[in-house]
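1. pasting the structure only:
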């Protein structure tokens, strides 16, 4: 049970940090907003997911 609690705490911390960093004003947020407004929800989702594939370890 302790292991599950630790994993849950770490996952929630990661999600919170990701959301906080994801909404910081900057060039990526500007691009995502522009793509969403001009191309719709799917274009915005593609733009938002680009760093997952381009910013490797």
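-> Looks like it arrived, so ask away. The model shown is predicted, which means the values in this text are computed figures rather than measured ones.

2. helix, strand, or coil at residue 44?
-> helix (DSSP: H, G, I helix; E, B strand; the rest coil).

3. give the contact list for the residue nearest to it when sequence neighbours are not counted.
-> Sequence neighbours aside, residue 36 is the residue nearest to residue 44 in space, at 2.9 Å (criterion: C-beta to C-beta, 6 or more residues apart in numbering). Quick note: C-beta positions are derived from backbone N, CA and C, even for glycine. Residue 36 is in contact with 43, 44, 47, counting by C-beta atoms under 8 Å, 6 or more residues apart in numbering.

4. now whichever strand or helix holds residue 36, how far from the centre of its chain.
-> In this assignment (DSSP states H and E), residue 36 forms part of helix 27-39. In terms of C-alpha atoms, centre = their mean, to the nearest Å, the centre of helix 27-39 is found 14 Å from the chain centre.

5. next: stretch 16-28.
-> The answer for stretch 16-28 is 7 Å, by C-alpha atoms, centre = their mean.
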